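Peer 1: I'll drop the sequence and a predicted model, then ask my questions.
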Amino acid sequence: MAEACCPASCGELLQGWILGGEKLISCPINWYSRVSVTLGKPSRFERPRMRQMVKQVLLHFGQSPLLAENICIEFESTIPVAKGLASSTADIAATAIATTRLLGQSLCDESLAKLCVALEPTDSTIFKNLTLFDHQTAQTQLPFPWLPDIDIVLLESPQTLLTEEFHKRNRHSLLVKQAPNLAKAMQQFQLANEKRCCYRLGEATTLSAIASESLLPKPEFHQLLDIVERSGIYGLNVAHSGSVIGLLLNHRQHDVDQLLNILAQKQLIKYYPQTHLVKMVAGGVR
């Protein structure tokens, strides 16, 4: 048996038209999809792209994809699907590495990225560092070595949206229109990385979230912006192709309970009935 796990993402820190095309920087969190593969009869309980990935990995290493018929895939994940939490990326990336380990092989990040984007738009949670990534072609992979010490109040909406379906929409003109705002967000992100400043990071993610409103509006977004401003937390980020929102803070500096009380008082729980306290972590498949 071989195993692997990959983190979810609380939406994206940045996403939009950057350096001549749409790119993103994911926000990996301590919520994982765990996959194990063994030789044996396939299980009924698997997700379709997992088996597609097994076949791709077999081909990558010069093996017949027919061998997949004798591989059993099992997984454990409580990551909500179709919310912008990178559940599918976590599933297929963990499957890729588990299968690679079963074969006694190794797979570099660049090869993993190519295998993943061949199946679907992929989050940059597959990289250890925060990474600016072309999630559709894997051609851009620009890492940033800083891991911010950030806690996140993750607001989960009941709304769902399939990432693949979202990327089929004609968004080009809106993306290009927001390019100047993404350039500002990227500049702030780079400064945050250089100075190790969480407040600058929050400014960058908030700018990207505001730009995303023209493409995929979030319920009561401007009220959440006001709460961020009044509470003094770092900022907020959103799923640019999903429905979740993250409130970025540090539990040693900011009062989480007070923040949750404000959300309840403002009746925002009506729009985001599930809240989760999570932490930003290093990405990469373990």
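Peer 2: Right, received. Where do you want to start?
Peer 1: residue 171: neighbour count?
Peer 2: Applying other CB atoms under 10 Å, we find 18 residues neighbouring residue 171. For the C-beta atoms, the positions are set from N, CA and C on the backbone; glycine is no exception.
Peer 1: swap that for residue 199, please
Peer 2: Counted with other CB under 10 Å, residue 199 comes out at 15.
Peer 1: likewise residue 174?
Peer 2: Applying other CB under 10 Å, we find 16 residues neighbouring residue 174.
Peer 1: quick one: pLDDT of it?
Peer 2: pLDDT recorded at residue 174 is 92.
Peer 1: next, the buried residues of the host helix or strand of residue 14.
Peer 2: Using DSSP states H and E, residue 14 sits in strand 2-18. Buried residues in strand 2-18, counted by 16 or more other CB atoms under 10 Å: 3-18.
Peer 1: which pair of the residues you listed spans the longest distance?
Peer 2: 3 and 17 (38.0 Å; CB to CB).
Peer 1: how about the lowest-mean-pLDDT helix or strand in the chain: buried residues?
Peer 2: Least confident element among the helices and strands of the chain, by mean pLDDT, DSSP states H and E: helix 163-167 (a mean of 72). Going by neighbour count (16+ other CB under 10 Å), the buried part of helix 163-167 is 163, 166.
Peer 1: name the surrounding residues that touch it.
Peer 2: Applying CB atoms under 8 Å, 6 or more residues apart in numbering, the contact partners of helix 163-167 are 82, 84, 88, 120, 121, 136, 216, 241, 242.
Peer 1: quick one: which of these is nearest residue 149?
Peer 2: residue 84 (23.1 Å).
Peer 1: for residue 29, see how far away that closest one is.
Peer 2: 12 Å (CB to CB, to the nearest Å).
Peer 1: so what sits against both of the two?
Peer 2: Shared contacts of residue 84 and residue 29 (CB under 8 Å, 6+ apart): residue 9.
Peer 1: between those two, tell me which one has more neighbours.
Peer 2: Taking neighbours as other CB under 10 Å, residue 84 and residue 29 compare with residue 84 leading, 29 against 26.
Peer 1: surely the more buried one is in a helix?
Peer 2: No. Counting by DSSP: H, G, I helix; E, B strand; the rest coil, one finds residue 84 to be coil, located in no helix.
Peer 1: give me the nearest residue to it, chain neighbours excluded.
Peer 2: Counting by CB to CB, 6 or more residues apart in numbering, residue 242 is the residue found nearest to residue 84 once chain neighbours are left out, at 1.6 Å.
Peer 1: need the pLDDT of the one you found.
Peer 2: 96.
Peer 1: what about the strand holding residue 14, average pLDDT?
Peer 2: Throughout strand 2-18, pLDDT has a mean value of 98.
Peer 1: show me what it is packed up against.
Peer 2: Under the contact definition 3 or more CB pairs under 8 Å, 6 or more residues apart in numbering; DSSP states H and E, strand 2-18 sits against strand 21-39, helix 87-102, strand 130-133, helix 172-177, helix 179-195, helix 198-212, strand 235-238, strand 245-249.
Peer 1: single out the most deeply packed of the ones you listed.
Peer 2: strand 235-238 (a mean of 28; mean count of other CB atoms under 10 Å).
Peer 1: name the residues of stretch 60-74 that are buried.
Peer 2: By 16+ other CB under 10 Å, the buried positions in stretch 60-74 come out as 60, 68, 71, 73, 74.
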